[in-house]
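Undergrad: sharing a model prediction with you, sequence too.
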Amino acid sequence: MNNFSWAWTYVKPNWRGMLVASLLLLVNSGLFLVNPYLIGLIVDQVIYANQGQLLIPIILTMVAAALIRTVVRYTYQMMFEQISQNSLFRLRQDLYHKVSELDFEYFNHTRVGDIMARMTGDTDAIRHFIGWVSYNIVESVVWFVCAIIAMGAINIPLTIALVAVTPLIFIFARRLVKESSAKFFDIRESFSRLNSMVEENIGGNRVVKAFAQEAFEVEKFDLHNDDFKQKNLASADVTRRFMPWLEGFAGSLSVITLVLGGYLVIRGSISIGDLVAFNSYLWMLNNPMRMSGWLLNDVQRFQAACIKIRDLLTTQSRIPVSAHEDIPAVKGQVEFKDVSFKFADDPNFAVLNNVSFKAEVGQTIGIIGETGSGKSTLVNLIGRFYDATEGEVLIDGHNIKEYPVRFLRNHISMVMQDVFLFSNTISDNIAFGDPYTSQENIKRMAAVADADAFISRMPDGYGTIVGERGVGLSGGQKQRISLARALTKVPSILILDDTTSAVDMETEAKIQQGLSEVTELTTTFIIAHRISSVREADLILMLDKGSIVERGTHSQLIAQRGRYYRLYQKQLGMEIAEDEVVSTLTETTSS
Ligand SMILES: Nc1ncnc2c1ncn2[C@@H]1O[C@H](COP(=O)(O)OP(=O)(O)OP(=O)(O)O)[C@@H](O)[C@H]1O
């Protein structure tokens with residue numbers, strides 16, 4: 001399907017409006033023929049044939065034609081605008097739906113700025129095409145044809161002399177399209193890079209400031225900014241080189257009309273009135289010629305935008321959103337059978353190697369291991385954010401691939417390592433897990449996450465609006481709010497990825513106590529670096545380079561005297577050291 005047919009699918013629901021607008025456009029073009037004809041009449045009949053009584057009716061007709069034209073033009077322009085906005089609305093809807101269903105893999109490789117460029121600049125190029133360029137092209141063609149017919153009716157040889165110039169315009173227009181097309185793609189890519197750079201910089205402004213790298217970033221921005229400017233100038237250069245030719249051809253029509261037309265008048269082949277009318281129609285012929293360069297540029301911009309948008313709309317998630325629908329509710333038994341996993345962009349590196357374990361409903365599984373050992377990747381397979389490359393993940397005995405993804409995720413709650421809060425009230429952030437939850441439940445779950453106390457101390461309490469990504473809250477506060485958010489959902493499977501890393505051990509103990517009360521029927525996965533976070537778990541998995549190297553309960557693993565034991569010793573030593581510091585400080589203060 002070409003880009004025009006594709007764009008039509010968005011316009012099609014308004015096809016009736018489009019038809020009426022196009023008919024009005026034809027009426028308007030027809031009305032343009034009236035005045036030149038009447039001007040010819042004034043010259044021939046009123047001035048030369050001395051029929052002064054015709055002057056007033058002719059002028060009144062001209063005024064009426066101009067008035068009707070104004071109303072008609074306003075109406076169809078507004079209709080095109082309305083249709084283009086409706087089409088844009090539908091397109092944005094499709095784009096947003098698409099973006100919301102794309103998987104982690106896509107976002108791992110796509111810059112947010114690039115997606116934003118598609119959703120703003122590219123969609124606007126398409127709106128501009130539907131709402132302005134398309135009817136201007138039709139209008140130009142209609143004017144061109146009408147002018148030739150009207151001029152042909154006056155004098156055929158003179159019309160042929162003018163039309164003889166038009167092939168040159170097509171030759172130049174084709175060359176313009178050929179040269180400018182690539183430039184628009186360059187502009188589009190440069191805009192996307194600029195957008196991504198700005199987006200990343202605003203998002204990472206704290207890091208930039210912390211490293212005092214403002215000057216370096218400004219320099220980087222200037223490079224992108226300059227690149228965008230140069231790409232636009234290169235495109236403008238092509239336009240400027242071709243425009244004088246198109247202008248020149250359009251201007252040559254007046255010269256041909258005056259020279260050849262004057263000759264025909266002297267010879268008596270046409271009247272002066274006919275020549276004046278002919279000259280007035282000329283505008284309908286040379287205006288489309290002048291416009292052709294600009295319109296062709298806009299068509300190129302439209303084509304470049306269509307390619308980018310269609311590329312996004314046709315991107316397929318590796319994880320399909322729907323699957324078998326007749327599957328019972330998730331209870332929460334999770335089993336990994338010889339699961340291995342490799343990221344698509346690094347197929348030689350196995351992030352998980354033959355991982356096998358079983359978690360019964362309501363059990364707590366602790367996952368511990370060095371950084372980069374594959375802990376987050378393992379739990380990401382449970383929510384089908386990625387699919388295992390080998391082996392099977394089973395939930396309640398069914399292969400996870402049999403579950404419709406949204407259905408499955410509805411039964412899973414996840415507190416991600418990288419906490420994200422929306423710039424909204426704390427209450428709404430917590431209710432995000434279940435928008436229909438009551439205020440009491442929000443407060444209850446906040447209490448379980450040991451967040452109620454600090455939230456209540458805030459001046460606006462649960463109504464406090466947090467900044468973008470939770471700005472204004474400490475790391476530990478953000479973690480606790482995101483834990484409360486995960487708990488409001490009443491999940492069958494709860495995944496806590498390093499959720500208490502930023503809270504002190506006393507708070508962690510309180511949270512664990514609260515959690516054990518509300519997760520009796522919930523299979524809970526706790527990823528942690530601190531043994532204190534997992535020691536009560538029914539099963540602890542120790543990962544190393546993607547493989548389970550030790551497994552068992554805390555006491556079993558201690559008895560094994562292996563890596564877990566050594567880690568425990570190390571952490572215990574640190575705890576004791578910490579306790580010693582605290583008691584020394586206390587003693588010093590009291591003495
Ligand atoms: N999108 C990705 N593409 C390629 N490799 C990745 C991707 N995400 C993670 N990895 C790699 O997979 C490995 C495991 O990462 P993972 O995030 O699962 O580790 P982790 O044990 O959770 O680490 P941490 O404790 O630091 O959170 C790492 O070597 C990492 O570099």
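TA: Arrived safely.

Undergrad: quick one: residue 393 is in a helix?
TA: No. Read with DSSP: H, G, I helix; E, B strand; the rest coil, residue 393 is strand and lies in no helix.

Undergrad: is it in contact with residue 340, as I believe?
TA: No. Using CB atoms under 8 Å, residue 393 is not in contact with residue 340; the gap is 11.3 Å. Heads up, the C-betas are built off the backbone N, CA and C, glycines and all.

Undergrad: ok, residue 366 - contacts?
TA: 526, 528, 533-535, 537, 539-541 (CB atoms under 8 Å, 6 or more residues apart in numbering).

Undergrad: assign it to helix, strand or coil.
TA: Applying three-state DSSP: residue 366 is strand.

Undergrad: could you give the bridge partners of it?
TA: Applying DSSP bridges to residue 366 gives these bridge partners: residue 526, residue 540.

Undergrad: could you check how far it is from residue 281?
TA: 86 Å (CB to CB, to the nearest Å).

Undergrad: what of residue 442?
TA: Distance, residue 442 to residue 281, by CB to CB: 73 Å.

Undergrad: could you do residue 558 as well?
TA: For residue 558 relative to residue 281 (CB to CB), the value is 98 Å.

Undergrad: those two: who's more crowded?
TA: Using other CB atoms under 10 Å as the criterion, residue 558 and residue 281 rank with residue 281 on top: 27 against 16.

Undergrad: now do the SS call for the closest residue to the ligand within the stretch 1-150 of the chain.
TA: Residue nearest to the ligand within the stretch 1-150 of the chain: residue 108 (4.3 Å; CB to the nearest ligand atom). Under three-state DSSP, the three-state class of residue 108 is helix.

Undergrad: and residue 522, how many neighbours?
TA: Considering only other CB under 10 Å, residue 522 is surrounded by 21 other residues.

Undergrad: what's the answer for residue 371, then?
TA: Count around residue 371 with other CB under 10 Å applied: 7.

Undergrad: interface residues of the stretch 251-400 of the chain facing the ligand?
TA: 343, 345-346, 351, 369, 371-377 (CB under 6 Å from any ligand atom).

Undergrad: did I read that right, residue 423 in a helix?
TA: No. Assigned with three-state DSSP, residue 423 falls outside any helix and is coil.

Undergrad: you'd agree it is up against residue 472?
TA: No. Between residue 423 and residue 472 there is no contact under CB under 8 Å: 9.9 Å.

Undergrad: quick one: common contacting residues for the two?
TA: residue 466.

Undergrad: which ones are touching residue 355?
TA: Residue 355 neighbours (CB under 8 Å, 6+ apart): 336, 338-340, 378, 391, 546-548.

Undergrad: again but with residue 467, I slipped
TA: Residue 467 neighbours (CB under 8 Å, 6+ apart): residue 423.

Undergrad: how near is it to residue 416?
TA: Distance from residue 467 to residue 416, by CB to CB: 19 Å.

Undergrad: what ranges do the helices span in the stretch 51-200 of the chain?
TA: Assignment of helices within the stretch 51-200 of the chain using DSSP state H, counting those that start in this stretch yields the ranges 55-101, 104-109, 112-117, 123-128, 134-154, 156-163, 166-203.

Undergrad: mean pLDDT for those - can I get that in TSV?
TA: As requested, these are exported to TSV (pLDDT from 0 to 100):
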stretch	mean pLDDT
helix 55-101	92
helix 104-109	83
helix 112-117	85
helix 123-128	92
helix 134-154	89
helix 156-163	88
helix 166-203	84
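
Undergrad: dump these into JSON lines; add mean neighbour count as well.
TA: Listed next are these as JSON lines, based on neighbours: other CB atoms under 10 Å:
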{"stretch": "helix 55-101", "mean neighbour count": "15"}
{"stretch": "helix 104-109", "mean neighbour count": "14"}
{"stretch": "helix 112-117", "mean neighbour count": "19"}
{"stretch": "helix 123-128", "mean neighbour count": "20"}
{"stretch": "helix 134-154", "mean neighbour count": "19"}
{"stretch": "helix 156-163", "mean neighbour count": "16"}
{"stretch": "helix 166-203", "mean neighbour count": "17"}
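
Undergrad: any chance of these in JSON lines, plus distance to residue 448?
TA: Converted to JSON lines, these look like this (distance: least, CB to CB, whole Å):
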{"stretch": "helix 55-101", "distance to residue 448": "29"}
{"stretch": "helix 104-109", "distance to residue 448": "28"}
{"stretch": "helix 112-117", "distance to residue 448": "33"}
{"stretch": "helix 123-128", "distance to residue 448": "43"}
{"stretch": "helix 134-154", "distance to residue 448": "58"}
{"stretch": "helix 156-163", "distance to residue 448": "82"}
{"stretch": "helix 166-203", "distance to residue 448": "31"}
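
Undergrad: wait, which of the ones you listed is closest to residue 489?
TA: Of all these, helix 55-101 sits nearest to residue 489, with 18.3 Å by CB to CB.

Undergrad: if I pick residue 538, what's in contact with it?
TA: With CB under 8 Å, 6+ apart, residue 538 has these contacts: 359-360, 363-365, 553.

Undergrad: would you turn those residues into TSV with pLDDT and neighbour count?
TA: Formatted as TSV, those follow (pLDDT from 0 to 100; neighbours: other CB atoms under 10 Å):
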residue	pLDDT	neighbour count
359	93	23
360	93	14
363	92	17
364	92	22
365	94	24
553	92	15
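
Undergrad: tell me the one of these nearest the ligand?
TA: residue 365 (14.6 Å).

Undergrad: surely the closest one and residue 525 touch.
TA: Yes. Assessed by CB under 8 Å, residue 365 is found in contact with residue 525 at 5.0 Å.

Undergrad: with adjacent residues omitted, what lies nearest to residue 278?
TA: Nearest residue to residue 278, sequence neighbours excluded (CB to CB, 6 or more residues apart in numbering): residue 154, at 5.3 Å.

Undergrad: surely that neighbour and residue 277 touch.
TA: Yes. With contact defined as CB under 8 Å, residue 154 counts as touching residue 277 (6.3 Å).

Undergrad: what is in contact with the two at once?
TA: With CB under 8 Å, 6+ apart as the test, residue 154 and residue 277 both reach residue 40.

Undergrad: for the longest helix that the chain contains, name the packing helices and strands.
TA: Across the chain, the longest stretch assigned as helix under DSSP state H is helix 214-267. Judged by 3 or more CB pairs under 8 Å, 6 or more residues apart in numbering; DSSP states H and E, helix 214-267 is in contact with helix 156-163, helix 166-203, helix 272-313.

Undergrad: can you show me the CA trace of the first one as CSV?
TA: Taking only C-alpha atoms (Å, rounded to 0.1, in the frame of the first residue of the first chain), the coordinates of helix 156-163 have been written out as CSV:
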residue,chain,number,x,y,z
ILE,A,156,-6.5,28.0,-29.3
PRO,A,157,-3.1,29.0,-30.9
LEU,A,158,-2.3,31.3,-28.0
THR,A,159,-3.3,28.6,-25.5
ILE,A,160,-1.1,26.1,-27.2
ALA,A,161,1.8,28.5,-27.1
LEU,A,162,1.4,28.8,-23.3
VAL,A,163,0.8,25.1,-22.7
